[in-house]
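1. Here is the input, now give the coordinates:
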Amino acid sequence: MDNTEEKKWDTFSDLIKSLNDKCNWLIIRNFEKLNNDFTFSEGEDIDILCSNLDLLVSVMKAKKREGGRCSYSVHINNQIVPLDIRFIGDKYFDPLWARDMLKNKVYKKEIPVLNNKDYFFSLLYHIKLQKYFIKDEYIPRLKILARKINLENLNDDFIYDDIVCSKI
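-> Below is the predicted model:
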């Protein structure tokens, strides 16, 4: 068999199970709608954090793609799924925080994800320090997460107030 042949995963669940067995990893955001039937649209990707990039890429049989040092793709069923794979020490997150994120992960069905507190703060960090804009879908998500971590005293427009966000 040719070693350059691309691994094609039959389902998203198959990939998740394999990663869960062999890697310390999680999906950073936008996991809510991922399932075996999900169809990726232009511009959508899966944002991943892991403890060992080489191991995760090897297990996934991910391929490097254009778009930066963290840009990969994997073939699931009939789709090429874009991935942004972050790892401890890559300066995307503080390394101590990244370790804690992985240590404190929770599972939504079979998918490892951030706990509510880390999800809230990583999403706020993403919006305010990494992207400088707010996707419409993040506003209700942040409000729900704020309530779940006992920040219910925030007004509904807190996300637009840089001073309030910096104090959080």
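
2. where along the chain do the strands fall?
-> For the chain, applying DSSP state E gives strands covering 8-9, 25-29, 46-50, 63-64, 71-76, 79-87, 106-108, 111-113.

3. Which one, of those strands, ends up nearest to Ile149?
-> Evaluated with C-beta to C-beta, the strands of the chain place strand 106-108 nearest to Ile149, the distance being 13.0 Å. Where C-beta positions appear, they are placed from N, C-alpha and C, glycine not excepted.

4. Where does pLDDT dip in this structure?
-> For the chain, applying pLDDT under 70 flags the ranges 1-6, 131-133.

5. quick revisit: now the strands of the chain in CSV, with distance to Lys17 and mean neighbour count?
-> Formatted as CSV, these follow (distance: least, C-beta to C-beta, whole Å; neighbours: other C-beta atoms under 10 Å):
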stretch, distance to Lys17, mean neighbour count
strand 8-9, 10, 16
strand 25-29, 12, 21
strand 46-50, 15, 23
strand 63-64, 21, 14
strand 71-76, 13, 20
strand 79-87, 16, 19
strand 106-108, 12, 12
strand 111-113, 10, 20
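
6. Could I get those strands in CSV, plus columns for distance to Arg99?
-> Formatted as CSV, these follow (distance: least, C-beta to C-beta, whole Å):
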stretch, distance to Arg99
strand 8-9, 28
strand 25-29, 12
strand 46-50, 10
strand 63-64, 25
strand 71-76, 22
strand 79-87, 11
strand 106-108, 16
strand 111-113, 14
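
7. So for Ile134, which of those sits nearest?
-> In terms of C-beta to C-beta, the element of the strands of the chain nearest to Ile134 is strand 25-29, at 13.0 Å.

8. Can you list the neighbours in contact with that closest one?
-> 19, 34, 46-51, 56, 86, 101-102, 105, 111-114, 119, 122-123, 126 (C-beta atoms under 8 Å, 6 or more residues apart in numbering).

9. The most centrally placed residue in the chain and Leu19: what is the separation?
-> For the chain, Ile28 is the residue whose C-alpha lies nearest the centre (C-alpha atoms, centre = their mean; 2.4 Å). According to C-beta to C-beta, to the nearest Å, Ile28 and Leu19 sit 14 Å apart.

10. And for Asp156?
-> Taking C-beta to C-beta, one finds Asp156 at 37 Å from Leu19.
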